[in-house]
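# predicted model, plus sequence, below.
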Amino acid sequence: MTSVINQISKLAAVHNVPDPKLIRKHNIKLGLRNADGSGVVVGLTSKGCVIGYEKALKSNPLFDREDITIQIPGLDGDLSPAEACYVLLNGHRPTHSSLEAFLSHMSDYSQYDIRPTEGRLYYCGYSVKDLVNACKDSEEEGFNETIYLLLTGELPKASQLQKFHDEMTHRRSIPMRVTRFITYASENPDQMSALHRAVAAMSLVDKNPNTYSMSHQIDQCLDLIAKFPAIIAHNYNAMLFRKGKGHGFINSDPHLSPMENFMHMLNGQKPERFAAKLLDILMVLHAEHGGGNNSTFTVRSVTSSGANTYMAISSGIASLSGYLHGGAAEAVVDMMADIQKNVRDWNDDDELSSYLKRILAGEAYDLKGKIYGIGHAVYTLSDPRAVILLEKAEELAKTTGQEHVLSLYRNVARLACQLVQEEKGKRVSPNVDFYSGFIYQMIGIPKELFTPLFAMARVSGWCAHRLEQITQGRIIRPAYVASIEPRKYIAINKRRG
C-alpha cells in the first residue's frame, strides 16, 4: 500500500502543479484572486461588505495624455487616445458612460493600484462597530439582533426582536434522536467533525429535508441557528463523558440568555454576566464576512446546485474546519504556547524576532512557514474585528492577571507584521483569530471549541447567504483551463516502464 501511495504522490506532484506560462497566457485567477491579490468579483450580496483596501486606476501613459488628439476617417472632430481606441475596437464613437465602462474594463488587466486602508466591516449596510457598541451599551445580548438583521436585511423593532428571541429560545433543544446519535458517535475528539455529523443527522428528523419551499427553507435555517449551541455543547460533553469526565448532557434553560445558556450547557453553571456578554460580542463579530470567505462561498456554491439546507450548512462546516480558515484561532493559541516555551525574554525584540523568523522560514513550531493570526485576504492596515477584540482582551487581561501574556501577544503582532512586510512586501495586521482564542481561554472556553464557536456564529451568515443564493437562483460554475494536451490512448501491454 505504501508503494502505491508513494507512486500516486510522485505523479500527482508532476501533473498537479500549475504551469506559470499557462497561468499568464490564459490570465488565470488562481484561488479566484486577481494578479494584484484582490478577490475576483463573482456576485452581489446584501449581507456583508468587507473593506480593507481601495482600488485606484493606474495612470495610463497614453490614455492620460491631454496634448494628443487623433482623427479617424469617417468621424467628425478630434478624439482623445482613449476614445480613438474605443472606436477602433467597437466601430462607433463612445458615450460618456460607455467610455467609462471601457476604461474600467481595460483596468481589469492589472491596471489598478491597491491602496491599504483601515479595515471596515458592514452587515446589511450597518457598521459592525456600531452593532458591537450597541451590545456593549445594552443589558441584552446582541447576537439575536444580528441574526435577524442578516436574515431580513433590516434592524428589528423592539417587539419584533422579542418575538424573534422567543422563537429562537423555543427552538433551542435538539431532538432525542439526534441526542442519541451524538452519544454513540462521539469517539472522534475532533469537534468540527462531530458538528458536521450532527448537522447532517438533523436531516433524519426533518420530514421533508429536500423541500424547495422558501418558508420551509427559512424554518430549517432558524432551527439550525437556534440548535447549534446545544449541538456543540452536547458533542463536547459526550466526548468528555466517554473519557469518564464532564457532566453528561445538560438541558437548555429557557430562562437564560442565548450565551448564558450555552455556557450553562457546557458545565451546568450559570456564567458570570461579563463572560456571557463578551461571548455574545464574539458571536456578533464572527457572524458574517461577505460572500467571498471560503466557507460562505462554499455554502453558496453548494446551495446553487439545489442541495438541501443540511448539505449546504455541512459544507460550510467542512470548509471552516481548515486551519487556514476557522481553525486559525486554535493554531494561534498553540503557536503562542510554543513561543512562550522557546523564547526566554518575551520583551526582547531581537530574541522574539529571531524565533518568528524561524517560524516564517518553516524551521520552528509546525514547520508550515506561517505566523498564524497575522494577515488577511482583504484587510491590510487593520481588521476591525481584531481592533475590537484587542480592546476586550485588555479589559479582561487586567481582571484575570494575564497582562504579561497580552504583552507577548502585542509584541508578536508588532514584530510579525514588520517581518511579513520586510520579507514578502505586504502590509498586514493581526486578524480576528489572533486575539479570539486568547479571549476564549480567559473566559473558560475549551480550546477544542474555538472553531465550533466560530461556526456557531457564522451559521447565521451562512443561512442568510443561502436564502439569498436561492433567490438569485443560478448555479455557480467557474471555468478551469486544461493544463494537459489531448493524448492518444496506449494499450496496457504496450506501455513501457
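Thanks, I have it.

# residue boundaries of the helices in the stretch 251-400 of the chain?
In the stretch 251-400 of the chain, the helices defined using DSSP state H, counting those that start in this stretch lie at 258-267, 273-286, 294-304, 309-320, 328-342, 349-360, 384-400.

# so which of those helices is nearest residue 114?
Of all the helices of the stretch 251-400 of the chain, helix 384-400 sits nearest to residue 114, with 18.4 Å by C-beta to C-beta. Bear in mind the C-beta positions are built from the backbone N, C-alpha and C, glycine included.

# just give me the residue closest to the centre of the chain.
residue 293 (4.3 Å; C-alpha atoms, centre = their mean).

# could you find the closest non-adjacent residue to it?
The shortest distance from residue 293 to any residue other than its chain neighbours is 7.5 Å, reached at residue 325 (C-beta to C-beta, 6 or more residues apart in numbering).

# separation between residue 454 and residue 276?
Distance, residue 454 to residue 276, using C-beta to C-beta, to the nearest Å: 18 Å.

# when the two are compared, which one has more neighbours?
Neighbours per residue (other C-beta atoms under 10 Å) separate residue 454 from residue 276, with residue 454 holding more: 27 against 21.

# returning to that earlier point: tell me which of the helices of the stretch 251-400 of the chain lies nearest to residue 113.
Ranking the helices of the stretch 251-400 of the chain by distance to residue 113, with C-beta to C-beta as the measure, places helix 384-400 first at 22.7 Å.

# following the chain onward from the lowest-mean-pLDDT helix or strand in the chain, which element is next?
Here the helix or strand of the chain ranked lowest by mean pLDDT, DSSP states H and E is helix 96-107, holding a mean of 71. In the C-terminal direction, the helix or strand that comes right after helix 96-107 (DSSP states H and E) is strand 112-123.

# for that next one, buried residues please.
112, 114, 116, 119, 121, 122, 123 (16 or more other C-beta atoms under 10 Å).

# my guess is residue 285 meets residue 383, correct?
No: counting by C-beta atoms under 8 Å, residue 285 does not reach residue 383; the two are 9.9 Å apart.

# give the residues shared as contacts by the two.
Listed as contacting both residue 285 and residue 383 by C-beta atoms under 8 Å, 6 or more residues apart in numbering are residue 432.

# between these two, which has more neighbouring residues?
Taking other C-beta under 10 Å, residue 285 and residue 383 do not tie; residue 383 has more neighbours (29 against 26).

# that one and residue 301: what is the separation?
25 Å.

# please identify the helix or strand for residue 235.
With DSSP H and E as the criterion, residue 235 is inside helix 214-242.

# in stretch 235-249, which residues are buried?
Buried residues in stretch 235-249, counted by 16+ other C-beta under 10 Å: 235, 236, 237, 238, 239, 240, 241, 246, 249.

# looking at the fifth one now. What's its pLDDT?
So the one you mean is residue 239. Residue 239 is assigned 92 on the pLDDT scale.

# same check on the first one?
Confidence at residue 235, expressed as pLDDT, is 95.

# how close does the residue nearest to it when sequence neighbours are not counted get to residue 185?
Excluding the flanking residues, the one nearest residue 235 by C-beta to C-beta, 6+ apart is residue 194, at 4.1 Å. Distance, residue 194 to residue 185, using C-beta to C-beta: 7 Å.

# between those two, which is the more surrounded one?
Ranked by neighbour count (other C-beta under 10 Å), residue 194 and residue 185 place residue 194 first, with 24 against 15.

# CA atoms of the host helix or strand of the more buried one as CSV?
Assigned by DSSP H and E, residue 194 belongs to helix 191-202. Output of helix 191-202 as CSV, limited to C-alpha atoms (Å, rounded to 0.1, in the frame of the first residue of the first chain):
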residue,chain,number,x,y,z
GLN,A,191,-15.3,18.7,17.5
MET,A,192,-15.7,20.1,14.0
SER,A,193,-16.1,16.5,12.7
ALA,A,194,-18.7,15.9,15.4
LEU,A,195,-20.6,19.1,14.5
HIS,A,196,-20.5,18.1,10.8
ARG,A,197,-22.0,14.7,11.7
ALA,A,198,-24.7,16.1,14.0
VAL,A,199,-25.9,18.7,11.4
ALA,A,200,-26.1,16.0,8.8
ALA,A,201,-28.1,13.9,11.2
MET,A,202,-30.6,16.7,11.7
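
# which elements pack onto it?
helix 176-184, helix 214-242, helix 309-320, helix 450-472 (3 or more C-beta pairs under 8 Å, 6 or more residues apart in numbering; DSSP states H and E).

# nearest to residue 10, out of those helices?
If we rank the helices and strands packed on helix 191-202 by C-beta to C-beta, the stretch that ends up nearest is helix 309-320, at 27.9 Å.

# that's a helix at residue 208, yeah?
No: per DSSP: H, G, I helix; E, B strand; the rest coil, residue 208 lies outside any helix segment and is coil.

# excluding its backbone neighbours, what's nearest it?
residue 216 (6.5 Å).

# residue 375 now?
According to C-beta to C-beta, 6+ apart, the nearest residue to residue 375 is residue 428 (3.9 Å).

# what's the neighbour count on that neighbour?
Count around residue 428 with other C-beta under 10 Å applied: 22.

# then residue 302?
Around residue 302 there are 22 other residues, counting by other C-beta under 10 Å.

# distance to residue 363 for the buried residues of stretch 235-249 - can I get that in a markdown table?
Compiled in a markdown table, these are given as follows (distance: C-beta to C-beta, whole Å):
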| residue | distance to residue 363 |
| --- | --- |
| 235 | 36 |
| 236 | 35 |
| 237 | 40 |
| 238 | 39 |
| 239 | 34 |
| 240 | 36 |
| 241 | 41 |
| 246 | 39 |
| 249 | 45 |
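
# between the helices of the stretch 251-400 of the chain, which gets nearest to residue 140?
helix 273-286 (9.0 Å).

# if we go by neighbour counts, what in that closest one is buried?
Those would be 275, 276, 277, 278, 279, 280, 281, 282, 283, 284, 285, 286, for helix 273-286 by 16+ other C-beta under 10 Å.

# average pLDDT across that helix?
96.
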